[in-house]
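Novice: Give the three-dimensional model of this entry:
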Amino acid sequence: MNTSTNSIFLKEMGITEWASRDVMSSAVTAQAVALNPITQDDQLNSLSEKTSYGTWWFFGNKPHGDAQVLFHNMIRALGLSPNEWSWKNPSDNLNALELPQNELPTIAFVFGGPAAQKLSGERDALPELRETVLALKCELEEEIPLIASFDLAQLLARPKDKSLLWQDLLLAKSVLQNI
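Specialist: Numbering: from 1, shown residues only. Here you go, the predicted model:
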């Protein structure tokens with residue numbers, strides 16, 4: 001099957017495809033230069049500037065081994081650069097958190113039920129907390145949306161749940177883009 005056929009099938013199933021910003025940027029740059037060689041430098045400069053939607057805060061047990069590989073693959077799939085995300089420990093003092101200086105919106109993504117309960121103040125189990133936009137329980141000026149998902153170690157033990165993680169990431173991305 002070719003790529004366009006796969007895209008058609010995924011679209012029919014309601015699955016959104018993501019592409020790395022780096023890959024898309026270089027393809028768009030090449031296409032733009034071919035279409036208008038006179039303003040090549042201007043186009044290269046404007047296309048190379050990365051558009052950032054916001055800052056991601058990830059909470060949970062710090063991943064190691066295969067869980068760390070899975071996490072970095074998620075970061076790559078989201079197209080996040082190192083300055084667009086940070087790892088936070090759910091046991092840290094949430095009131096000591098500071099919003100990024102660049103004034104971009106921030107979203108919190110939490111791995112695991114206990115961490116989600118602690119950060120949101122909710123008592124429901126993870127299945128009830130998933131697919132819901134919660135709020136990070138802290139004393140920041142802004143309310144930070146919180147999306148709960150499975151613990152990375154659990155995803156390695158149950159690979160079929162990775163599709164549910166993907167849904168959670170899509171939800172987080174759409175919330176961040178609509179802030």
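Novice: pLDDT score for residue 71?
Specialist: At residue 71, the model reports a pLDDT of 95.
Novice: how about the helix or strand harbouring it: buried residues?
Specialist: Using DSSP states H and E, residue 71 sits in helix 66-78. By 16 or more other Cβ atoms under 10 Å, the buried positions in helix 66-78 come out as 67, 70, 71, 74, 78. The C-beta positions use only the backbone N, C-alpha and C, and glycine is treated the same way.
Novice: Excluding chain neighbours, give the residue nearest to the first one in space.
Specialist: To tie it back to what came earlier, the one meant is residue 67. Spatial nearest neighbour of residue 67, chain neighbours left out: residue 152 (4.0 Å); criterion: Cβ to Cβ, 6 or more residues apart in numbering.
Novice: quick one: residue 138 from residue 99, how far?
Specialist: Here residue 138 is placed at a distance of 11 Å from residue 99 (Cβ to Cβ, to the nearest Å).
Novice: Touching, residue 53 and residue 174? I think so.
Specialist: No - counting by Cβ atoms under 8 Å, residue 53 stays clear of residue 174, with 10.1 Å between them.
Novice: which residues of this protein fall in helices?
Specialist: 3-12, 21-35, 40-48, 66-78, 113-120, 126-129, 152-157, 162-177 (DSSP state H).
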